[in-house]
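S.K.: Mind folding the following:
(one chain, ligands or ions: 2)
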Amino acid sequence: MVALEARHLTKCYYSTVAAVSDLSFCLQEGEVLGFVGPNGSGKSTTVKMLTGLLEPTHGQVVSRGARIEQDLVHYRERLGYVPEEADLYPFLSGREYLELVGTLRSLPRQSLERKIDAMLDLFSLSAHRHSAIGSYSKGMRQRVLLIAALLHDPALLILDEPLSGLDVTSAMVVKNLIKKLGEQGKAILYCSHVLEVVEKVCGTVIVLQKGRAIAYGPPSELMKTAGQASLEHAFAHLVEGGDSAQTARDIASVMSAA
Ligand SMILES: Nc1ncnc2c1ncn2[C@@H]1O[C@H](COP(=O)(O)OP(=O)(O)O)[C@@H](O)[C@H]1O
Ligand SMILES: [Mg+2]
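M.R.: Ligands and ions are numbered 1, 2, ... in the order given. As a prediction, the model looks like this:
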């Protein structure tokens with residue numbers, strides 16, 4: 001079943017140049033859809049429209065047969081969102097912040113406490129649970145954001161660069177978790193420019209360039225079409241059309257020039 005559908009999404013900020021232009025796709029239950037593109041290609045703008053934070057200039061976001069703005073409260077109950085950047089309250093502890101999120105989500109007190117403690121433990125944050133978030137590293141804050149998005153067991157997950165700042169071990173846990181949640185039937189939009197990960201966890205990938213989808217399909221198909229052995233190379237071929245090895249050589253030679 002379709003969990004989320006983008007229909008001709010377009011967003012113009014101030015200028016007439018669209019940050020996202022006529023973008024349409026479906027996210028199915030049990031699907032992990034990768035959303036990739038260079039910086040500024042419109043990934044976060046799309047995500048903000050999909051979560052109801054930003055109104056599209058044209059087009060619609062549809063979930064369960066209705067436009068999301070018709071019932072944002074219930075839509076958000078089913079949604080877990082990890083934003084690219086978030087302002088966490090620096091004076092709250094990690095545990096207090098998660099209690100606040102769970103309470104706003106109306107989760108029953110006792111099971112909320114149990115869940116928070118188990119999650120803090122599994123994300124290796126137990127030792128810091130009573131310290132102020134202001135003292136946390138980037139990776140620790142990211143893990144708090146991930147827990148906050150997962151606490152209410154949402155059917156739909158929208159993750160904007162979820163591995164940002166994570167160490168190798170935590171990143172591996174989250175990668176495996178995304179796969180597992182997809183297998184369980186959750187619909188997941190995974191937005192990233194880290195292509196090795198996208199290749200491993202996503203069944204389908206949309207490549208964005210300058211706000212437009214320039215490729216849409218399973219990673220293996222994109223690699224085949226581009227005639228490349230990895231998604232990273234296929235992406236470079238599709239998006240940049242340039243030779244990154246040559247650019248690297250050119251930079252090195254500019255550095256060493258007299
Ligand atoms: N709040 C904003 N106001 C004006 N322009 C914006 C805003 N947010 C993003 N943009 C512009 O929209 C384009 C797409 O940005 P974004 O969606 O953040 O891309 P990505 O997440 O792929 O890096 C960029 O040109 C960016 O400068
Ligand atoms: Mg972004």
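S.K.: all strands of the stretch 51-200 of the chain, in order?
M.R.: For the stretch 51-200 of the chain, the strands defined by DSSP state E, counting those that start in this stretch occupy 58-63, 66-67, 79-82, 156-160, 187-191.
S.K.: And those: which comes nearest E31?
M.R.: Closest approach to E31 among the strands of the stretch 51-200 of the chain (Cβ to Cβ): strand 187-191, 5.9 Å. For glycine as for every other residue, the C-beta is placed from the backbone atoms N, C-alpha and C.
S.K.: can you list the strands of the stretch 51-200 of the chain in CSV and add mean neighbour count, mean pLDDT and distance to ligand 2?
M.R.: As requested, the strands of the stretch 51-200 of the chain are exported to CSV (neighbours: other Cβ atoms under 10 Å; pLDDT from 0 to 100; distance: least, Cβ to the ion, whole Å):
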stretch, mean neighbour count, mean pLDDT, distance to ligand 2
strand 58-63, 18, 96, 18
strand 66-67, 13, 94, 24
strand 79-82, 23, 96, 12
strand 156-160, 24, 96, 6
strand 187-191, 26, 96, 7
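S.K.: Tell me the predicted confidence for G242.
M.R.: The model reports G242 with a pLDDT of 63.
S.K.: Going by proximity to ligand 2, name the top residue of this structure.
M.R.: S44 (3.2 Å; Cβ to the ion).
S.K.: Make sure that residue is actually in contact with H193.
M.R.: No. Using Cβ atoms under 8 Å, S44 is not in contact with H193, being 11.1 Å away.
S.K.: neighbour count winner among these two?
M.R.: Comparing S44 with H193 by other Cβ atoms under 10 Å, the one with more neighbours is S44, at 20 against 15.
S.K.: Excluding chain neighbours, what is closest to that one?
M.R.: The shortest distance from S44 to any non-neighbouring residue, by Cβ to Cβ, 6 or more residues apart in numbering, is to E84 (5.2 Å).
S.K.: Could you check how many residues crowd around that neighbour?
M.R.: Neighbour number of E84 under other Cβ under 10 Å is 14.
S.K.: who touches it in this structure?
M.R.: For E84, the contact set (Cβ atoms under 8 Å, 6 or more residues apart in numbering) comprises S44, V47, D160, E161, S164, C191.
S.K.: Of the residues you listed, which is the nearest to S256?
M.R.: Of all those, S256 sits closest to S164, with 32.9 Å by Cβ to Cβ.
S.K.: Show me what the longest helix seen in the chain is packed against.
M.R.: Among the segments of the chain that qualify as a helix by DSSP state H, the longest is helix 168-183. The contact analysis (3 or more Cβ pairs under 8 Å, 6 or more residues apart in numbering; DSSP states H and E) places helix 168-183 against strand 32-36, helix 138-150, strand 156-160, strand 187-191, helix 195-201.
S.K.: Which one of the ones you listed lies nearest to A171?
M.R.: Per Cβ to Cβ, nearest to A171 of the helices and strands packed on helix 168-183: helix 195-201, 7.7 Å.
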